[in-house]
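> task: produce atomic coordinates for the following.
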Amino acid sequence: MNDLCFDLFADERQQIHLASPTDLAGFRRAARRLVANGTPPEQVAWHSTGGAVDLMAPELDHAPAINVGADFLALCETVILHSDNARFELLYRLLWRMAHQPGLRHDALDADMLQAQHMAQAVRRDMHKMKAFVRFRTVADETFKARPTGGPLHVAWFEPEHHVVEAIAPFFARRFTQMRWAILTPERCMAWNGATIRFSPGAQKSDAPPPDAGEALWLTYYQNIFNPARLKLKMMQKEMPRRYWHNLPEAQLISTLSANANQRQSHMLAQAPSTPQRRIPAFKPQHGAQQALHI
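Predicted coordinates for the structure are as follows:
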């Protein structure tokens with residue numbers, strides 16, 4: 001009986017269908033209209049998977065703007081990238097409350113505001129991890145075969161937790177401007193041809209290329225720079241959470257290197273200190289130079 005009542009209540013709510021999971025413009029237009037019409041948050045159901053929408057209705061764009069401040073707009077831009085399906089309900093509830101409680105924007109301890117800040121922090125962390133943990137593999141695609149001087153295609157597979165692909169694309173375009181690359185994710189893919197970014201639907205991990213010689217070189221380098229005396233597993237797992245390990249080539253070495261860390265450290269301490277070699281030859285001034293110093 002309770003489930004039936006809930007379904008009837010859900011059907012009576014106003015259904016808002018956004019064009020995509022990150023449709024901030026559509027959310028803003030719909031939210032302005034809803035506030036202008038006096039529609040409280042509990043009477044709205046938000047959907048972000050597309051569908052029959054009325055977002056282009058003439059009265060929608062003419063709804064009055066709501067003064068919420070630049071900080072809240074920036075918060076919305078980040079929170080909307082979160083994977084929680086309730087993010088639109090949260091943002092509209094905050095907007096509704098700000099329209100009726102102007103002082104809310106200054107209440108840093110408000111429960112809804114705190115939840116939004118935590119969601120924004122999770123999105124920023126996900127973007128940071130994507131910047132740090134993307135690993136490219138080279139592919140000799142048709143473009144490279146036709147014009148080798150342009151370099152091979154660099155392809156990476158990554159599994160972000162939130163909807164951050166399009167938001168982070170400019171960073172990769174700036175960081176790897178001189179090479180062609182593609183980053184595949186389950187939800188959204190992006191590719192850079194040296195001039196523009198192209199987005200496409202999500203892919204599968206099997207679409208990414210297998211390990212190459214460059215990856216083997218990277219693993220050799222990682223193994224040789226590993227310092228057992230500086231190993232802090234808890235700190236490492238905080239900065240490199242286990243959920244990312246299955247897509248990081250170097251992660252396959254962590255267990256072995258960690259298990260042997262104490263033995264390697266003891267071996268290092270048992271060794272006699274080495275004598276540093278002078279690489280810069282001692283300066284020996286010429287006879288004429290010596291005389292010049294005494295003038």
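> which residues in the chain form strands?
In the chain, the strands defined using DSSP state E lie at 14-17, 44-47, 136-139, 153-157, 180-184, 188-192, 197-201.
> relative to L95, which of those strands is closest?
Among these, strand 44-47 comes nearest to L95, with 11.0 Å by Cβ to Cβ. For every residue, glycine as well, the C-beta is placed using N, CA and C.
> contact partners of the closest one?
For strand 44-47, contacts defined as Cβ atoms under 8 Å, 6 or more residues apart in numbering pick out A10, R13, Q14, Q15, I16, H17, L18, F27, L34, F88, E89, Y92.
> pLDDT added to those residues, as JSON lines?
Output for the contacts of strand 44-47, formatted as JSON lines (pLDDT from 0 to 100):
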{"residue": "A10", "pLDDT": "48"}
{"residue": "R13", "pLDDT": "88"}
{"residue": "Q14", "pLDDT": "92"}
{"residue": "Q15", "pLDDT": "93"}
{"residue": "I16", "pLDDT": "94"}
{"residue": "H17", "pLDDT": "94"}
{"residue": "L18", "pLDDT": "95"}
{"residue": "F27", "pLDDT": "95"}
{"residue": "L34", "pLDDT": "94"}
{"residue": "F88", "pLDDT": "97"}
{"residue": "E89", "pLDDT": "97"}
{"residue": "Y92", "pLDDT": "96"}
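> looking at those, which has the most residues close by?
For the contacts of strand 44-47, the largest number of neighbours (other Cβ atoms under 10 Å) sits with F88, at 25 neighbours.
> tell me what the residue nearest to that one when sequence neighbours are not counted is bridged to.
Distances taken as Cβ to Cβ, 6 or more residues apart in numbering put W46 closest to F88, at 3.6 Å, once the chain neighbours are dropped. Beta-bridge pairing for W46 (DSSP bridges): I16.
> who's in contact with F171?
By Cβ under 8 Å, 6+ apart, F171 lies in contact with K131.
> returning to that earlier point: please identify which of the strands of the chain is closest to H163.
Ranking those by their distance to H163 (criterion: Cβ to Cβ) puts strand 188-192 first, at 7.6 Å.
> quick one: the closest one to strand 197-201, angle?
With axes from the mean of the first three to the mean of the last three Cα atoms, to 10 degrees applied, the angle from strand 188-192 to strand 197-201 works out at 150 degrees.
> got any ranges where the stretch 101-250 of the chain has weak pLDDT?
Within the stretch 101-250 of the chain, the segments meeting pLDDT under 70 span 212-240, 242, 244-246, 248-250.
> just to revisit the earlier point, farthest-separated two in the contacts of strand 44-47?
Greatest spacing in the contacts of strand 44-47, by Cβ to Cβ: A10 and F27 (19.7 Å).
> would you mind listing the buried residues in the lengthiest helix in the chain?
The longest helix of the chain (DSSP state H) is helix 111-133. Residues of helix 111-133 classed as buried: M113, Q115, A116, M119, A120, A122, V123, D126, M127, K129, M130, F133 (neighbour count, 16 or more other Cβ atoms under 10 Å).
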